[in-house]
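Q: have a look at this prediction, sequence included:
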Amino acid sequence: MNAGLIRDLGRSDRYEAAADALVTFGADGVEQLVREVMDAESPVDWRPITAVLGRIGEAGFDGLLQGLLSASTEESRKRVGFAFSRLGVAVLDRYTSALAHPAPLVRRQAIRGIEHCGGAGQSAAVLLPLLGDPDQQVARQAQGTLIRTGEHVLPLLRHVRERGPGRQRARALTVLAELGGESALSRADMAAIERLIRIKLRDDRPEPLWACWNYWMAVPSGDQAGIIRILGLTAARPVTFALGNDIVDADGHGCDTDDHTGYERVFVTPELDGWTLVLGPWCDPHGLERREAVLSLCIDLSARYGRAQAYYYGGQGDGSAWLVAEHGTVIRRYGETGEAEDESLTLGEPLPYERARRTELGLHPDWDPAQESEGDEDEWRCTAHDLAPDIARSLGAPSPLDITADTPSRGTGVIALTPYGVVHGVPAGAYRI
């Protein structure tokens, strides 16, 4: 085979002619093409080579399969794995047969191949046994592919839950929950989950409540039932800290999707060192959709419990916001997230901790425009971007990020529906217990 033909695959003006010529070599050209795919230094992208191997058909499949097994570096395995899993629907039967291959890497890439060629739906029945694969990476790959396949696999999964085999049942439950939520689960499965939660709660201890985007209210009281009532929450169900945090984190990632906003439910903690926290995107004091409602709720909570606060903290450098109310009056609302609406959010005078931090930075404590340069304000905005947890600590409230197993705790945390969730329902999902 002329190596120049392979190089021509990387040139748009010569690609078609080169590809047609390489296909005519058939099985005789496969070995060289696979070596090129495996070569991280090759000037030709693996995709056009893969297209040629796909046109060659089963010989191309066999060549890449051998490449998977013989690759000596992680990079070459990655390259040949990408190629192997994208040969297309013409080799769907070969992918299906490869699900039984003794090498876990081959089984995993065969699952990907079935998904990439759009065959996961018709191959769902043969993917099910891999939910119980002894290799956990293979089992996770099968689980993810079945989730992405869609709800038409639910009857197959329910059959596994009811009749086994046992090694497939745990991941079948996960896929059912991800696809359909509670409505997809049998009464027996729901009873088993609730029983497991009760067992876990016996030894449950506080743990840090961390998400990529953190929204929470803090109330200096252990009156969980009263706080739930004032907030208009319903259908409260006991959960472990792990489960509550997992739901809140998932809901944060689900904000602004077509189906759900993240406003459907919240995690209400047990009493933590004299405080109760309410966590979830519904508690956002900054975003345009929730800011006024959260302000009103904090006013109501502070009228009953003396104080109430709400916070936003972006754990990936996305900014901070805080809202402080006392005895039915808003004392302060402020945010720095880099958004245009930050300035319009501001209410009240700077808190003592804000003034102290500005003084430490060499800035006027009260934002005096006559004494500050643009650079001064930029320095403050950069500092305030990460300030929400510090503001909470300065006010004596536990930051959810600081909670540990040693944090004094009384009672049981619950997941509760917001008024929004009552109307719109909650997203499907599988979570840690």
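A: Right, received. Where do you want to start? Residues are numbered from 1 along each chain as shown.
Q: can you classify the nearest residue to residue 44 once chain neighbours are set aside by secondary structure?
A: Of all residues not flanking residue 44 in the chain, residue 10 sits nearest, at 4.3 Å (Cβ to Cβ, 6 or more residues apart in numbering). To be clear about C-beta, it is placed using only N, CA and C from the backbone, and glycine gets the same treatment. What DSSP: H, G, I helix; E, B strand; the rest coil gives for residue 10 is coil.
Q: give the residue spans of this structure that score low on pLDDT.
A: In the prediction, the chain carries residues with pLDDT under 70 at positions 1-2, 254-259, 368-375.
Q: what's the helix or strand containing residue 77 in contact with?
A: Taking DSSP states H and E as the criterion, residue 77 maps to helix 74-84. The list of residues contacting helix 74-84 from outside it, by Cβ atoms under 8 Å, 6 or more residues apart in numbering, reads 34, 37-40, 46, 49-50, 53, 61, 64-65, 67-68, 71, 105, 109, 112-113.
Q: go on, stretch 199-211?
A: Residues outside stretch 199-211 that contact it (Cβ under 8 Å, 6+ apart) are 216, 238, 240-242, 244-245, 248-249, 252, 267, 269, 272, 277, 279, 315, 400-405, 407, 409, 412, 433.
Q: again with stretch 417-431
A: Contacts with stretch 417-431, where a contact means Cβ under 8 Å, 6+ apart, come from 173-175, 177-181, 184, 231-235, 243, 246-247, 250-251, 254, 259-261, 263-266, 280, 282.
Q: doesn't residue 222 lie inside a strand?
A: No - counting by three-state DSSP, residue 222 is not part of a strand but coil.
Q: that one contacts residue 271, correct?
A: Yes - contact criterion Cβ atoms under 8 Å: residue 222 and residue 271 qualify, at 3.2 Å.
Q: what do the two both touch?
A: Common neighbours of residue 222 and residue 271, counting by Cβ under 8 Å, 6+ apart, are 410-411.
Q: which of the contacts of stretch 199-211 fall in strands?
A: 216, 238, 267, 272, 277, 279, 409 (DSSP state E).
Q: just put the residues you listed in JSON lines and tack on distance to residue 419 and neighbour count.
A: As requested, the ones in strands among the contacts of stretch 199-211 are exported to JSON lines (distance: Cβ to Cβ, whole Å; neighbours: other Cβ atoms under 10 Å):
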{"residue": "216", "distance to residue 419": "18", "neighbour count": "29"}
{"residue": "238", "distance to residue 419": "21", "neighbour count": "18"}
{"residue": "267", "distance to residue 419": "16", "neighbour count": "26"}
{"residue": "272", "distance to residue 419": "25", "neighbour count": "22"}
{"residue": "277", "distance to residue 419": "20", "neighbour count": "28"}
{"residue": "279", "distance to residue 419": "17", "neighbour count": "27"}
{"residue": "409", "distance to residue 419": "28", "neighbour count": "19"}
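Q: as CSV, those with distance to residue 169 would be great.
A: Listed next are the ones in strands among the contacts of stretch 199-211 as CSV, based on distance: Cβ to Cβ, whole Å:
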residue, distance to residue 169
216, 36
238, 25
267, 28
272, 36
277, 35
279, 32
409, 33
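Q: pull the most distant pair out of these.
A: Pairwise distances across the ones in strands among the contacts of stretch 199-211 (Cβ to Cβ) peak at 19.3 Å, for the pair 216 and 238.
Q: okay, strands next: where are they in the stretch 301-433 of the chain?
A: Per DSSP state E, counting those that start in this stretch, the stretch 301-433 of the chain carries strands over the ranges 307-314, 319-326, 329-336, 347-348, 409-410, 414-417.
Q: now residue 304. Nearest residue, chain neighbours left out?
A: Nearest non-adjacent residue to residue 304, counting by Cβ to Cβ, 6+ apart: residue 230, 6.3 Å away.
Q: contact partners of the host helix or strand of residue 49?
A: Assigned by DSSP H and E, residue 49 belongs to helix 46-56. With Cβ under 8 Å, 6+ apart as the test, helix 46-56 has contacts from 6, 9-10, 15, 19, 22-23, 26-27, 29-30, 33-34, 36-37, 60-61, 63-64, 79, 82-83, 86-88, 90-91.
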